[in-house]
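[1] Have a look at this fold, sequence not included:
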């Protein structure tokens, strides 16, 4: 039986290569869109979490509908 799983020892190398590609894609997107920077997130949920955490202060409140 063949396995397509990578060794755990390869994770840091693989992660570094993937991170490099993501940074390169972010730079290309920013240039294409005419912005100085761009950020990619794994999902809309992750993007919302990051933006909310970065912009909200302790005394702020968020009101949102369930949809």
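    Looks like it came in fine. What you see is a predicted model, and the numbers here were worked out from it, not measured in a lab.
[2] three-state assignment of the residue nearest the centre of the chain?
    Central residue of the chain (Cα atoms, centre = their mean): residue 41, 2.7 Å from the mean position. At residue 41 the chain is in coil, as set by DSSP: H, G, I helix; E, B strand; the rest coil.
[3] isn't residue 56 right up against residue 50?
    No - contact criterion Cβ atoms under 8 Å: residue 56 and residue 50 do not qualify, at 11.2 Å. Using the backbone N, CA and C atoms, a C-beta is placed for each residue, glycine as well.
[4] circling back to that earlier point, so who does the residue nearest to the centre of the chain touch?
    When contacts are counted by Cβ atoms under 8 Å, 6 or more residues apart in numbering, residue 41 is found next to 47, 50.
[5] Over to residue 25?
    Residues near residue 25 by Cβ under 8 Å, 6+ apart: residue 40.
[6] any idea which helix or strand carries it?
    Here residue 25 sits within helix 11-33, counting by DSSP states H and E.
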